[in-house]
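Undergrad: Show me the folded form of this:
(2 chains)
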Number of protein chains: 2
Amino acid sequence: MFNYNKSTKKSKMNSGKIEDQFLTALLEKCGAAEQRILVALSGGPDSVALLHLLVATQKLWQGQLFAAHINHKLRAAAEDDALFCSKLCEHLQIPFFTEKVDVRDFSANEKLSIETAARELRYETLDRILREQKCNLLALGHHADDQAETTLGNLLRGTGLRGLAGMPYKFGNRIRPLLGLSQNDLLDFLKEQQISYRKDESNLDTQFKRNKIRHKLLPYLQQEYNPQISDALNKLSQISNHAEDYLVSEAGKALQAMTIEETEFKIVLDIERFWSYFDILQKYALRLAIEKLTSNQIRPNYSDLERIETSLKTNKIGTQIPLHGKWEALIDREVIVFRATTAFNFDMHVEMDGFAEHKDGWKITATRIDSAGIDPRNQATRFSQFTDNTKIKGRIRVRSFRKGDFFYPLGLKGKKSISDYFTDRKVALYKRKEIPIVYCDTGIIWIVGHHLDERFKVTSHTNSIIKFEFKDKNL
Amino acid sequence: MFNYNKSTKKSKMNSGKIEDQFLTALLEKCGAAEQRILVALSGGPDSVALLHLLVATQKLWQGQLFAAHINHKLRAAAEDDALFCSKLCEHLQIPFFTEKVDVRDFSANEKLSIETAARELRYETLDRILREQKCNLLALGHHADDQAETTLGNLLRGTGLRGLAGMPYKFGNRIRPLLGLSQNDLLDFLKEQQISYRKDESNLDTQFKRNKIRHKLLPYLQQEYNPQISDALNKLSQISNHAEDYLVSEAGKALQAMTIEETEFKIVLDIERFWSYFDILQKYALRLAIEKLTSNQIRPNYSDLERIETSLKTNKIGTQIPLHGKWEALIDREVIVFRATTAFNFDMHVEMDGFAEHKDGWKITATRIDSAGIDPRNQATRFSQFTDNTKIKGRIRVRSFRKGDFFYPLGLKGKKSISDYFTDRKVALYKRKEIPIVYCDTGIIWIVGHHLDERFKVTSHTNSIIKFEFKDKNL
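TA: Numbering: from 1, shown residues only, chains lettered A, B, ... in the order given. Down below sits the predicted model:
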């Protein structure tokens, strides 16, 4: 189905070399052996070369091949591109799928740039076809020159090693087996093999920013500073990639070693342990903690991390550093806490003879019980208390600590600020907002795990008792 | 001796800020506390600001200050610059030294570019003044914008993390305490403090390559791609610096763990151990090994290291990879050896009743002895042998193994190639050239540590004996 051009020995040797390189990347860096691979086929030289290289080496990677073309309907030749892809796959006997997407509509509705809208729709559609055809991998045609552009673009915008590393060979189910080959390698291959492709003259990209790098900056740097600038950028991207791999791995271990508490809503790190690591591992560990906690919703940059470290250095206890969205970092005496602020700003109704439940895994039950035979002094615990029902006014609620809170601690004379109470009891700052406070219109009833309020205690006159219980599935 | 401009509160505050930053860098990154610092003073804004900042903070770093001006005699204003520097130091009461160097002559004689010649002469002279004045540190005026240029320049040329990291705050006795401050910071400081300086209009550098980056590329990138490009490059340089620190430290440990032999002339690494490390540590360990062995005469780049790793991967035993100059890497069965080729290509005369000495620490003595009472079968050892003097023709010499060598092993019948002999005896490839072979015009007499030649053995007819002994101070 695919014929080598055997006319000259040279071309045979060359094509052999590019295929070897391709196969090595495909197997070692993309983990593509025996997989079902869907090729994103635009009809341009890159994806056509990708498809042919996959076909040419199919016996060696031993998997199955599918192709999909997404018609963005953005340019006059779009229909012809789709037809070209369809015929190519028919000729190569590869299952082919094509879909039209309405980029302009989507871009207008979602208020996205044409470039972003096209990308989102393209990947959404490709992912759907991937699922429908039960493919494992989506193969993309990005090559070494694309990589150099990405590295240079990130560099210009401002980046660390992750940005310099550029696009990965494999990320999730997306693979880029051409990253080690230059556009010239691919064009030579296509020429030698007499493979035709669609000339991407009005390449979707040409309207956009990245093309300023491709068509202006890179040629300028090549001419004025270094003819091998793409190579230099690719090497740097490789080095950065390897450094990044190692740093992430080591920072992962460091993070584990400095983590003293971790739930869905927070990660608590030991500051002394933190300082024991090299500067770069500190930064990476902070980054990993934030990415882990936020499920990669926040990807902090170097300045964010520096800001946190500077606060840690000046050691201002109580400093809250807002991260994007609902997340924050809190500096406490011996720890730094990353947490979802929302999870610790709660205020809930406690159902009578029912409960209030917090997403962090605990609940508080309120149960009316018969007073006969109950002596709270014997049966109360840190997490279960008895109160006089008649003293409770309005609805029973439970909420997190607020500045200015006060109560009348059982057995002590008079009123006390809860903030002072916490300080006396050496409750860490970051823990204060996690402690449920049961209250009603009369005032604060119970600081869970700590202290009952004098006003609600059961006395010899109590007829009706409410029993509060705190249950934490994490405990 | 140095007056702050106290006219406005703002200027006072600002200058306070820059001095704080400067002092932190000076103490923490340059280790300058209580040192004797020589400032390289050109008279331009950077070095003048450097000098004033050192004076302004002198009470806090508590050391002594000296200044030196090198007159390159390259431009018309050179004499005026020297005079300006001299007056400035007189005013500040700082010991001042000035010297003229002949850059044009030196450049012509040594066939160096003007830029290189000027730099070499400048540092040579500064280093001499440093020694004469018993100073510990040479302070240079490079600032953040210089750093951005260095990073960008290295990047364009092609570099890894070390190149991205740019110039270090401290390297040997050179310090660059201004690296964290931009040229604008310095100019603002000079303006606020009403400090005059020489305008470097025909800056020595302007004729040279780096200025194309400063005056063309950086402004272009700033205008077209990112107004904060210098900041972005400086951040990247910082990150790279921190990553480099960590990687060098970890690679040092890795290198130690994989080194199985180390002398002045070679480093032998265990290949299995080598592969157990992350890719980036492998590269760094190779780099460190080469730099260590060659006392930093060779600074291998990424491609050099890749070439070595590729040879290791294909596992072609016996592959010799020439490094620059007299060094090579040799791949053996289970080890890779970095070594000075010259150290193992020796051929020396062995003085009769004297010795030949090798720079690796061993020597071979040849002594005429009385044959009475000598029975070689009892007294010969691996490192001491007895031969029949009459069989020896010409001068006695000792040399390293050469391809095609053969001998007549004692007690075995006939001739044997030494290469086969080594293979039979499982002598590692890299060890073969280290084994001294004693010979004369008749042929090979003794493979030291291994085998005597049949032709030279002592018989009942022997009247005159030569005793050879091998002594190694490393053993």
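Undergrad: ok, which stretches of the stretch 151-300 of chain A are helices?
TA: All helices of the stretch 151-300 of chain A, identified by DSSP state H, counting those that start in this stretch, fall at A:161-165, A:183-192, A:210-212, A:218-224, A:229-258, A:271-275, A:279-293.
Undergrad: correct me, but residue A:198 touches residue A:46?
TA: No: counting by Cβ atoms under 8 Å, residue A:46 is not a contact partner of residue A:198; they are 10.9 Å apart. Just so you know, the C-beta spots here come from the backbone N, C-alpha and C atoms, and that holds for glycine as well.
Undergrad: what residues does chain A put near chain B?
TA: Taking Cβ under 8 Å from any Cβ of the partner chain as the criterion, chain A approaches chain B at residues A:155-161, A:164, A:212-213, A:216-217, A:221, A:224-226, A:228-229, A:231-232, A:235-236, A:238-240, A:242-243, A:245-247, A:249-250, A:278-281, A:283, A:302-303.
Undergrad: ranking the helices of the stretch 151-300 of chain A by mean pLDDT, which is last?
TA: Within the helices of the stretch 151-300 of chain A, the least confident segment by mean pLDDT turns out to be helix A:210-212, at a mean of 80.
Undergrad: Would you tell me which one of the helices of the stretch 151-300 of chain A is buried the most?
TA: Of these, the one with the most neighbours on average (mean count of other Cβ atoms under 10 Å in any protein chain shown) is helix A:161-165, at a mean of 24.
Undergrad: beta partners of residue A:464?
TA: Applying DSSP bridges to residue A:464 yields these beta-bridge partners: residue A:370.
Undergrad: Surely it touches residue A:388?
TA: Yes: with contact taken as Cβ under 8 Å, residue A:464 and residue A:388 are classed as touching, separated by 7.4 Å.
Undergrad: who has more neighbours, these two?
TA: When residue A:464 and residue A:388 are compared for neighbours, residue A:388 comes out ahead with 19 against 14, by other Cβ atoms under 10 Å in any protein chain shown.
Undergrad: Which helix or which strand is home to the residue nearest to the more buried one when sequence neighbours are not counted?
TA: For residue A:388, the nearest residue in space outside its immediate sequence neighbours is residue A:462; the separation is 4.5 Å by Cβ to Cβ, 6 or more residues apart in numbering or on different chains. Residue A:462 belongs to no helix or strand when elements are defined using DSSP states H and E.
Undergrad: swap in residue A:435?
TA: Using DSSP H and E, residue A:435 is not contained in any helix or strand.
Undergrad: For it, the count of nearby residues, please.
TA: Per other Cβ under 10 Å, the neighbour tally for residue A:435 reads 16.
Undergrad: For residue A:198 and residue A:46, indicate the residue with more neighbours.
TA: It is residue A:46, of residue A:198 and residue A:46, that has more neighbours when counted by other Cβ under 10 Å, with 25 against 19.
Undergrad: residue contacts, the more buried one?
TA: For residue A:46, the residues meeting the contact criterion (Cβ atoms under 8 Å, 6 or more residues apart in numbering or on different chains) are A:141-143, A:146, A:178, A:183, A:186.
Undergrad: same question, residue A:97
TA: A:66-69, A:129, A:133.
Undergrad: which two of those residues lie the greatest distance from each other?
TA: The most widely separated members of the contacts of residue A:97 are A:69 and A:133, with 13.9 Å between them, by Cβ to Cβ.
Undergrad: So for the two, which residue has more residues nearby?
TA: Counting neighbours by other Cβ under 10 Å for residue A:69 and for residue A:133 shows that residue A:69 has the greater number, 25 against 14.
Undergrad: what pairs with the more buried one across the strands?
TA: When assigned by DSSP bridges, residue A:69 has beta-bridge partners residue A:98.
Undergrad: my guess is it meets residue A:101, correct?
TA: No: using Cβ under 8 Å, residue A:69 is not in contact with residue A:101, being 11.1 Å away.
Undergrad: thinking again about what came up before, most neighbours among the contacts of residue A:46, please name it.
TA: Among these, residue A:178 has more neighbours than the rest - 30 neighbours, counting by other Cβ under 10 Å.
Undergrad: Was I right to think that residue contacts residue A:147?
TA: No: with contact defined as Cβ under 8 Å, residue A:178 does not count as touching residue A:147 (9.3 Å).
Undergrad: For residue A:340, give me the backbone phi and psi.
TA: Main-chain dihedrals, residue A:340, degrees, to the nearest 10: phi -80, psi 120.
Undergrad: what's the most centrally placed residue in chain A sitting at in phi/psi?
TA: Most central in chain A under Cα atoms, centre = their mean is residue A:296, positioned 1.7 Å from the mean C-alpha point. With angles defined as degrees, to the nearest 10, residue A:296 shows backbone torsions of phi 60, psi 10.
Undergrad: and it, what is it in contact with?
TA: If a contact means Cβ under 8 Å, 6+ apart, then residue A:296 has no contacts.
Undergrad: Not counting its neighbours along the chain, what's nearest residue A:287?
TA: For residue A:287, the nearest residue in space outside its immediate sequence neighbours is residue A:300; the separation is 5.5 Å by Cβ to Cβ, 6+ apart.
Undergrad: between the contacts of residue A:46, which is nearest chain B?
TA: Taking Cβ to the nearest Cβ as the measure, residue A:146 is the one of those closest to chain B, at 17.9 Å.
Undergrad: need the next SSE after the lowest-mean-pLDDT helix or strand in chain A, C-terminal direction.
TA: Among the helices and strands of chain A, helix A:9-24 carries the lowest confidence by mean pLDDT, DSSP states H and E, at a mean of 68. Next helix or strand after helix A:9-24 toward the C-terminus (DSSP H and E): strand A:36-40.
Undergrad: per-residue confidence averaged over that next one?
TA: In this model, strand A:36-40 carries a mean pLDDT of 96.
Undergrad: so after that strand, what's the next helix or strand?
TA: Beyond strand A:36-40 on the C-terminal side, the first helix or strand identified by DSSP H and E is helix A:45-56.
Undergrad: That following helix: how far from the chain's middle?
TA: Here helix A:45-56 is found 31 Å from its chain centre; the criterion is Cα atoms, centre = their mean, to the nearest Å.
Undergrad: Show me what the next helix or strand along the chain from that helix is packed against.
TA: Once helix A:45-56 ends, the next helix or strand along the chain (criterion: DSSP H and E) is helix A:58-61. With contacts defined as 3 or more Cβ pairs under 8 Å, 6 or more residues apart in numbering or on different chains; DSSP states H and E, there are no secondary structure elements packing on helix A:58-61.
Undergrad: what's the model's confidence in helix A:58-61, averaged?
TA: Averaged across helix A:58-61, the pLDDT comes to 93.
Undergrad: Return that helix as PDB; C-alpha atoms alone will do.
TA: Listed next in PDB are the C-alpha coordinates belonging to helix A:58-61 (Å, rounded to 0.1, in the frame of the first residue of the first chain):
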ATOM      1  CA  GLN A  58       3.300  -0.100  11.300                       C
ATOM      2  CA  LYS A  59       4.700  -3.600  11.200                       C
ATOM      3  CA  LEU A  60       7.300  -2.600  13.800                       C
ATOM      4  CA  TRP A  61       5.100  -0.800  16.300                       C
END
